[in-house]
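> compute the structure for the input listed below.
(chains A and B)
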Amino acid sequence: MPQAAEEPVEAAIHAIDRTGLPPELDALAPTAVEGWGRMGAQAAVIGGDNLERATEQVPLTRGMGRSYGLSSLPPASQPVVASSLHANRILRFNTESGDLRCEAGLCLRDLNRISLPRRWFTPVTPGTASVTIGGMVASDVHGKNHHSAGTFGEYVTGLRMRVADGRVIECSPQQHPQLFNATIGGMGLTGHILEVGFKMRKVPSPWIYERSERLPNLEAYLDRLLETAKDWPMSVGWVDCLNEGPGFGRGHLNLGRWATAEEAPRHDPKPKPAITIPDIWPDWIVNPPLMHIFNEMVYWSHWRSVKEGIQHPEKFFYPLDVLRSWNRMYGRKGGMTQYQCVLPHSAGRGATRALFELLKREGGVPLLVVIKDCGAEGRGLLSYPMPGVSTAIDLRITPDTARIVQRLNDFVIECGGRIYLTKDRFTTAEQYRAMDPRLERFQEVRRQWDPTLRLRSAQSVFTLGDPP
Amino acid sequence: MMKVALIGATSGMGRSVARVLASRGDALFLLGRKPEELEKSATDLSTRGPVDARVAHAPIDLADPSTFGPALDAAEAALGGLDTVVITAAMFAQQDTLEEDAELARRLLEVNFTNTIVLCEEIRRRMLAKGGGTLCVFSSVAGDRGRKPVGIYGASKAGLSHYLESLDHKYREKGLVTICVKPGFVKTGMTAGLKPPPFAGDPDDVARQVVRAIDRGTPLIYAPGIWQLVMLVIQHLPRLVMRRVGF
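Numbering: from 1, shown residues only, chains lettered A, B, ... in the order given. Next comes the predicted model:
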């Protein structure tokens, strides 16, 4: 309905001008918005097909809300946020060169299902396909292929953005390069990302050739992770850190590459169906004894120590996507966070084990752990990866979690590592500043384009030290 | 493979319906008001088919009936005939806004009722001359009962639903199948920012339901289906109750 789409947006903007807060009208009733860790806020969401209009007066744009903490929530003093979800068209896709341009709200899952039958794939994918392309830029996502391909930002050729003074501009490595570099991994704080141009990657077939290995402890796992990096373009693994004693850190290492046309089945992979987890769980369902049993089952489900063969791409890249809204398993009140940090190689081989020992001393329970090696640092000023070992630990939120995260942060700072803003909820501004010397440069570029820091998020207030 | 012209497919449910049709390889032609939006949606749909079928477009303005003939000519010429037309375009505004703005209300009634029927009549003549076809038009559950929050908009849709039913009764035997879609609350750009009520639908699910109805020739569908039950209850509420409640 071309005419219809405009009315609610118009009404919303005027109402916010008048009061600073969404009014009592139904049309603007604040709705609950939350991050993936279920930390929520009340905010008016301005959507619509026309993202350029929706972003006229708001401090932040959000996509699918898959960042874990406060990244996709507006600052508490200005509870209004634009949603990119209806701006989801492909504007150009050259199937000769792989050049693609799309609106920022395009869902990666949609793109994959369109591009794979044409033998193209996104050059970098995170561990879920429930993300928008705009969000992939803002988080400068990395994937199983980080050690061989870098972050998503390396492939971005241009961005159309609404910057803080209201102008809509084009930026790229050639045009406004500083703004461009700050926007890659800039958590949406440098401007609203409206359109994204990037280079897709040609694949020989739509299937994956996977090798998985069962490994008996953390050291064996880390050795194999680093050893296999030169032969396998993609790798990641699951690690059981609830197991005490010699089996601590046992796990599965999943290695992969695109299957050649000869190896691959003739037919294209069918989309994997997903079931939606209902929102009915008490807070204690995901608990250590249960996860112990779960880990035991997962570990031994890999009966042969090595498995090799053709794998469905969605199963390889997005194993958890078959459970839609799995974060609901953590209960309606509690919520969860993921502690993800990268420890540089200079911190030594033992650093990862030391991180877990510290976590255990502080009373944290590592429910689910994923460990991956990172390659070179990208161009994004706040981009997460650096050469080293990246560890992601799912934690249930308890009254102790903030303290635990801050203790772990102290250790990470000591090692010269850093945390991933997209997953973080509890890192203080003081700690982040100590952790990331690039922050100063980032804030400089931001101030240049946005002297009063109009564009903010709840996270930039809490973790980057913005005014409330 | 169907040859489908879509009016209003650049956004909302029209966009979703067009994507379902494109993904299974139907030949599409887009009609709408804004050339740059049409161009963007045409490119988007071109990439969603199993083969890179080029989707073309032409202008039409529901506020201006003189555009109807040339628009349909362009669609027929590009597709080599037309066997299905889907109309999702319409105007929407809140009841309070319409009560304050008489000109807006007049325009909405003209677009949603008078001109939409004029367009359907033009399509009817063309399709019957070629032996038939399918005409799928989006009306609304708002037309099922006189309700406080959707008086004027609802009236335009009530009239349209009435017309669509009679069209189907009169011409189905001659080959013209008419499908009236009554969407309930669906989470699209039009309703973004509104608090979704219970039973709010997802546009992609609704689109699949609509395409199924087109394939089967179902004359009337509620989308999502649960709204049929909801409206059945609302239609049978006594006036006394309707006067008191706010919906």
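
> strands paired with whichever strand in chain B runs longest, and their directions?
Ranked by residue count, the top strand of chain B under DSSP state E comes out as strand B:176-183. Its sheet considered, strand B:176-183 pairs with strand B:133-138 (parallel), strand B:220-223 (parallel) by DSSP bridges.

> centre of the chain to it, how far?
With C-alpha atoms, centre = their mean, to the nearest Å as the basis, strand B:176-183 stands 8 Å off its chain's centre.

> before we move on, what about stretch A:65-82?
15 Å.

> flag every buried residue along it.
Of the residues in stretch A:65-82, A:65-75, A:78-82 count as buried by neighbour count, 16 or more other C-beta atoms under 10 Å in any protein chain shown. Every residue, glycine included, has its C-beta placed from N, CA and C.

> and the helices in the chain?
No chain was given, so I picked chain A. A:6-19, A:51-54, A:108-115, A:133-138, A:146-149, A:177-183, A:218-227, A:288-301, A:313-317, A:351-361, A:401-415, A:429-435, A:439-449, A:458-462 (DSSP state H).

> actually chain B
B:12-23, B:35-48, B:68-79, B:95-100, B:102-109, B:116-129, B:151-171, B:203-216, B:226-235, B:239-244.

> so who does A:Leu323 touch?
Residues counted as contacts of A:Leu323 (C-beta atoms under 8 Å, 6 or more residues apart in numbering or on different chains) are A:Ala274, A:Ile275, A:Ile277.

> dump the helices of chain A into CSV; add mean neighbour count and mean pLDDT as well.
Putting the helices of chain A into CSV (neighbours: other C-beta atoms under 10 Å in any protein chain shown; pLDDT from 0 to 100) gives the following:
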stretch, mean neighbour count, mean pLDDT
helix A:6-19, 18, 31
helix A:51-54, 23, 92
helix A:108-115, 20, 96
helix A:133-138, 29, 98
helix A:146-149, 20, 96
helix A:177-183, 22, 98
helix A:218-227, 18, 96
helix A:288-301, 13, 91
helix A:313-317, 20, 97
helix A:351-361, 18, 95
helix A:401-415, 19, 97
helix A:429-435, 16, 96
helix A:439-449, 17, 97
helix A:458-462, 24, 96
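
> in TSV: the ones you listed, plus distance to B:Phe247.
Output for the helices of chain A, formatted as TSV (distance: least, C-beta to C-beta, whole Å):
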stretch	distance to B:Phe247
helix A:6-19	18
helix A:51-54	27
helix A:108-115	34
helix A:133-138	36
helix A:146-149	52
helix A:177-183	44
helix A:218-227	58
helix A:288-301	44
helix A:313-317	41
helix A:351-361	52
helix A:401-415	43
helix A:429-435	47
helix A:439-449	46
helix A:458-462	34
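
> out of those, which is closest to B:Leu167?
B:Leu167 sits nearest to helix A:6-19 of all the helices of chain A, at 28.9 Å, using C-beta to C-beta.

> A:Asn327 versus the nearest residue to A:Arg396 once chain neighbours are set aside, what's the distance?
Among residues not flanking A:Arg396 along the chain, A:Met336 sits closest, at 5.4 Å (C-beta to C-beta, 6 or more residues apart in numbering or on different chains). Going from A:Met336 to A:Asn327 by C-beta to C-beta, to the nearest Å gives 7 Å.

> do the same with A:Asn243
24 Å.

> quick check: neighbours shared by A:Met336 and A:Asn327?
A:Gly37, A:Arg38.
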